[in-house]
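> okay, sequence plus prediction incoming.
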Amino acid sequence: MENIRLLGIALLIVGLSAYPQSSNELGVGNPWLASPQQQPESGGTTTTPQPTTQSPQYLACLQSCPATSEYNPICGSDNVNYYNGGKFDCAVRCGQNIRRIHLGACRNT
């Protein structure tokens, strides 16, 4: 019984230390999606990105969609960093019309 308790504590410590590492590219907050990066226009001016509000149905779908907490980012065609392939697939199943651009965080070019 004591061994099981020690194993449980060890797994808890490992889990807490591994879940998820912070990244400035992903920002703070929602691990499902990061805000897309606004690209400067060719005329040399920049625009302020307008906040987008997701529908309650979409957000409820994301909340109920099973996916692991493993950090393995996917860059979507909407220039959004998805936390991992499972979270990307959830976004597609919940109605996002996107495709995978590449593994890893979206690049700022």
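Ah, there it is.
> where do the helices sit along the chain?
2-18, 56-64, 85-93 (DSSP state H).
> pLDDT of the first one, averaged?
Same thing as helix 2-18. Model confidence over helix 2-18 averages 65 on the pLDDT scale.
> Ser55: neighbour count?
10 (other CB atoms under 10 Å). Glycine gets a C-beta too; all of them are placed from N, C-alpha and C.
> now swap in the one 5 residues further on and tell me
Using other CB under 10 Å, Ala60 has 12 other residues around it.
> thought Pro73 was touching Asn84?
Yes - Pro73 is in contact with Asn84 according to CB atoms under 8 Å; the separation is 7.0 Å.
> so where is this structure shaky, pLDDT-wise?
8, 10-52, 109 (pLDDT under 70).
> what distance do you get for the closest residue to Gly76 other than its chain neighbours to Met1?
In space, and not counting its chain neighbours, Gly76 is closest to Ile98: 4.5 Å by CB to CB, 6 or more residues apart in numbering. Distance, Ile98 to Met1, by CB to CB, to the nearest Å: 49 Å.
> got TSV for the helices of the chain, with distance to Asn79 too?
Listed next are those as TSV, based on distance: least, CB to CB, whole Å:
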stretch	distance to Asn79
helix 2-18	28
helix 56-64	18
helix 85-93	13
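> need the winner for burial among those.
helix 85-93 (a mean of 18; mean count of other CB atoms under 10 Å).
> spatially nearest residue to Ala67 (excluding sequence neighbours)?
Nearest one to Ala67, counting by CB to CB, 6+ apart, is Gly86 at 3.2 Å.
> okay but Lys87 is in contact with Ala67, surely?
Yes - using CB under 8 Å, Lys87 is in contact with Ala67, at 4.8 Å.
> which residues touch Gln96?
Counting by CB atoms under 8 Å, 6 or more residues apart in numbering, Gln96 touches 58, 76, 78.
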